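Mind looking at a prediction? Sequence and model below.
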Amino acid sequence: MTNNDQKAKSKEQDPNDQVLLDVRNLRKFFPIRKGFLQSVVGHVRAVDDITFYINRGETLSLVGESGCGKTTTSRCILRAIDPTEGQVLFRLDDGTVVDVAALPEREVQQLRCKMQMIFQDPFSSLNPRMTLLDIVGESLLVHGMTNRQQRMDRVAELLHLVGLRPEYMRRYPHAFSGGQRQRIGIARALALNPCLVVADEPVSALDVSVQAQILNLMLELQTQLGLTYLFVAHDLSVVKHISERVAVMYVGKIVEMAKMEEIFYAPRHPYTEALLSAVPNPDPRLRSQRIVLEGEVADPANPPSGCYFHPRCRYAKEICRVETPVQKELSPRHFVSCHRAGEISLRGVVMNKPGGIEK
Amino acid sequence: MENGHETLLSVHNLKTYFFQDEGTVKAVDGATFDVYPGQTLGIVGESGCGKSVTAQSILRIVDRPGRIVDGEITLCCASGAEIDLARLRPNSKEMRAIRGTEIGLVFQEPMTSFSPVHTVGNQIMEAIRLHRDANKRQARERAVEILGQVGIPKPERRIDEYAFELSGGLRQRAMIAAALSCDPRLLIADEPTTALDVTTQAQILDLLRQLQQQRGMAIVLITHNLGVIAEMADHVVVMYLGRVVEQGPVDDLFHAPKHPYTRALLRSIPSIESTPRVKLPTISGSVPHPYSRPSGCPFYPRCSDFMPGTCDQQEPSLQPVNERQKASCFLYQDRQKASDE
C-alpha cells in the first residue's frame, strides 16, 4: 500500500445511494523488467483507465477476449492486487463510502467479508486436504466465529442454500463432481453474507448440462439474498442470460457499456458487433455471415496509436489512427468510445423465428 | 442424404475399455458411425462421454491401460483397399503410414501438443520427411507453403519460431498445418477451438471450412459446443457415456431432436437469442462416474421420459427413428411410435 496513513473514508452522502460500487479511472500497469539490473523497460497496460459503476442488486458483466484485462479489473476491485491508479468506491451498508484502492491492508481484510469471489476452476480452487466444513467455514473462523458448533450450523445452512446435502460436510472435494464443487465454491463465497460477489468465469469449466444448473442457482441466490454480481465471462450467451448491464473490454479499456438489450440488439461499437457475430449460433439454419476479425488482439505492452481497435476495424478512418476516442454517452447510460459511433449502423444479434427448437 | 457415396471411414460397434485396478472404464462402449468424403461429421457430448477416446481409437493412439476390445474401424484407402484399423498393431508400419497421410489429427491444446524444444517448422518438416520422399530443402519449402495456406503471416520467418512464441490462434493454425502437411483425406479435429476466444474461434472455423472446400477432405469435428456443431457439421453424432445416443443430419438434430438427452441438452443451453434471466430448464444430476455406471440405458437416472422396468433393465440399441435419424431410446423402439410430431 502506498499511503497507509491516508484514510480514504468519507462520510459524505452520495446523492445516488443505489450505487454499490463505483470504479473511477482504474489503472493497473505491470512493469516489464529486462536485463541484469531488472530495469523497467515498459509497462503492460492490463487495465487502462476504466470507469464504471454497479447498482445494488444488479448484475454487470465484463466481457472480452483473453488478455483484455477483465480478470485484472476484478482482482483490483477485491484488492487481491493493488491497482496502479484510480479509485474503487464501495458503499457500506450504513451508507459510508470507502475507497478500497487506498485502504490499508488490515481494513481491506475487514472489508472482504462484504465482497467475495467465485473462481473459474472448481478443481484447483478447493484445497483437496480440507473438508467442506473447513473450506466453507474457514472465512467464518477468520472473521471471529470461533464456536465450532455455531460454525457447523452455519456451514450446514450454506450447503443447504446451494443445494448440497449438509451431511456431506465431512467429505473432501474429490468426492464431488464439477458442478457440485462449483456449488461449494459459491457456498464459501456466501459464508459471510457479502453484498458484492465477483464471479470470474464461474461456469466456463463446467459441462454444458451443468452450466444451466449453476446459472439458475446464481439467479435464485441473487433474488433471495439481494446479491450484486460482477460477472466476468467470455461466453456471450451466458452473459446475455445473466446480466442486466454489460461492459465490453478491449485491450484494457471499456469500449462499450450499456444495458444488456442494447449491447446485444443495438451495439454501437464495431468491436461489440464483431464479437457478437463471432458467437456460433446453436441453429444450423442460422449459419451466419460472420464478421471474421482479421489479425490478433493488440499487445497491451505496445498498443497501436489512436483507437486500439483500428487495425482490425472495418469502419476505421484516418481519425481512428491518430486520435484516441473518448467515452461518449450516446443515449442515457449507453457509453461508447468510438469516433464513428454516431454515423455507422451496426448489426446486433439476429433473432430466430419462434418455435425453433422442438420442446 | 449420401446418395450412395462411398464411406471413407466406417466405425462399427467400437469398444475401447480401460482396465484399471479399481475396475474397468468403458470409455467407448459400442460406437457406430460413418464418415463420408468431403463432409463434416460432428461428434458432440459432455466430458467423459468418450468422444476423444473414439478419436484416439481411430488413430490407435489410446494410452495404456486402454485397449480396443471389440469393433471394426474400416478405412477406405486412396488405393481403394479397405483396412480394418482395429486389427492393426498400433506401432506397425501400416498404422504409422496411415497416421498423417490418410488421417490427420488436430488436438485441443496446441501448447502441449507441440514440442517446446523444437521449432514449429522442424516438427512439420519431420512429418513431411517421414511420409514423403523429400530432402530437407523440399520439406522446408513444403512447410512454408502449408503454413502460408493456413493463414500464418510471413511463414518463411514463423517457421523458425517455437510454439511458445506464437499466439493461441497462430499456434492452432500451425497445428492444422502440421496435420495437413501430408494431405490426409480425413482430418480429425478434437476440440480445435475450445481453448480459443470467440473471435479466434471464428477465424479457425472459417479456415477449416475453406481448407475442406479446397481439398475435399472429410472432417470429424469433436466438440462439446453445440454452437460450433450447428455452424460446421453436416452430420452429427451425440454421445453419452461411451454410447451413440442419437445420430442424424444437423438440421434434424437441432430442429427435431429425438433422444431425450439431446432434447434436454438443447433446451438447457443459454442461447444468445433466448429470454434472459429466466430459469433455464436443466438436466438433473450430473454425468455419472465411469465406475458407477447405471445399468440399462446410461441416461435413465437423469431422463425425464424414464420408463421404470424398461429403461433401467434393458439396454437400448441404436435404431432408425425415421429415414434420416437414428436414436438409442426405448421411446421409439417398444411402441414403434416414431412420429411424435
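Great, that's in hand. Keep in mind that what you see is a predicted model, and the values were worked out from it rather than measured.

Neighbours of B:T112, how many?
For B:T112, the number of neighbouring residues by other CB atoms under 10 Å in any protein chain shown comes to 11. Placement of C-beta: from N, CA and C, glycine included.

meant to ask about B:P308
In terms of burial, B:P308 registers 8 neighbours under the definition other CB under 10 Å.

Over to the one 4 residues further on?
Other residues within reach of B:D312 by the criterion other CB under 10 Å amount to 15.

Hmm, it is touching B:Y300, no?
Yes: between B:D312 and B:Y300 there is a contact at 5.3 Å, judged by CB atoms under 8 Å.

where does residue 153 land in three-state SS?
With no chain named, the answer covers chain A. Of the three states, A:D153 takes helix according to DSSP: H, G, I helix; E, B strand; the rest coil.

Tell me which residues touch it, please.
The contact partners of A:D153, taken as CB atoms under 8 Å, 6 or more residues apart in numbering or on different chains, number zero.

so how far is chain B from A:E201?
Here the distance between A:E201 and chain B works out to 12 Å (CB to the nearest CB, to the nearest Å).

For A:V63, see how far away that residue is.
According to CB to CB, to the nearest Å, A:E201 stands 11 Å off from A:V63.

Pull up the overlap in contacts between those two.
Looking at what touches both A:E201 and A:V63 (by CB under 8 Å, 6+ apart), the common residues are A:233-234.

of these two, who's got more company?
Neighbours per residue, other CB under 10 Å: of A:E201 and A:V63, the larger number sits with A:V63, 26 against 20.

On the pLDDT front, check that one for me.
According to the per-residue confidence, A:V63 scores 93 in pLDDT.

Hmm, B:L9 is touching B:L75, no?
Yes: contact criterion CB under 8 Å: B:L9 and B:L75 qualify, at 5.3 Å.

what touches both of the two?
Contact with both B:L9 and B:L75 is made by residues B:103, B:186, according to CB under 8 Å, 6+ apart.

Check whether A:H339 really touches A:I319, as I assumed.
Yes: the pair A:H339 and A:I319 passes the contact test of CB under 8 Å, sitting 5.1 Å apart.

between those two, which one's more packed in?
Ranked by neighbour count (other CB under 10 Å), A:H339 and A:I319 place A:H339 first, with 23 against 13.

who's in contact with the more buried one?
The neighbours of A:H339, taking CB under 8 Å, 6+ apart as the test, are A:307, A:317, A:319-320, A:323, A:325.

buried subset of these?
A:307, A:320, A:325 (16 or more other CB atoms under 10 Å in any protein chain shown).

Including pLDDT and secondary structure, could the residues you listed go into JSON lines?
As requested, the buried ones among the contacts of A:H339 are exported to JSON lines (pLDDT from 0 to 100; DSSP: H, G, I helix; E, B strand; the rest coil):
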{"residue": "A:C307", "pLDDT": "91", "secondary structure": "coil"}
{"residue": "A:C320", "pLDDT": "91", "secondary structure": "helix"}
{"residue": "A:P325", "pLDDT": "91", "secondary structure": "coil"}
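
Which of the residues you listed sits closest to chain B?
When these are compared for distance to chain B (CB to the nearest CB), A:C307 wins out at 16.8 Å.

Tell me how far the closest one lies from A:V322.
Looking at A:C307 against A:V322, where the rule is CB to CB, the gap reads 9 Å.

what's the helix or strand harbouring A:A212 packed up against?
Element membership for A:A212 (DSSP states H and E) is helix A:208-225. Helices and strands touching helix A:208-225, by 3 or more CB pairs under 8 Å, 6 or more residues apart in numbering or on different chains; DSSP states H and E, are helix A:178-190, helix A:236-242, helix B:260-268.

Next, format the ones you listed as CSV and append mean pLDDT, distance to A:Q109 and mean neighbour count.
Output for these, formatted as CSV (pLDDT from 0 to 100; distance: least, CB to CB, whole Å; neighbours: other CB atoms under 10 Å in any protein chain shown):
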stretch, mean pLDDT, distance to A:Q109, mean neighbour count
helix A:178-190, 92, 16, 23
helix A:236-242, 89, 29, 24
helix B:260-268, 89, 39, 22
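
mind giving me TSV with these and columns for distance to A:G95?
As requested, those are arranged in TSV below (distance: least, CB to CB, whole Å):
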stretch	distance to A:G95
helix A:178-190	23
helix A:236-242	28
helix B:260-268	41
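
of all these, which lies closest to A:R106?
Smallest distance to A:R106 across the helices and strands packed on helix A:208-225 (CB to CB): 21.8 Å, for helix A:178-190.

picking that back up, out of the helices and strands packed on helix A:208-225, which comes closest to B:H289?
Closest among those, using CB to CB: helix A:178-190, at 11.7 Å.
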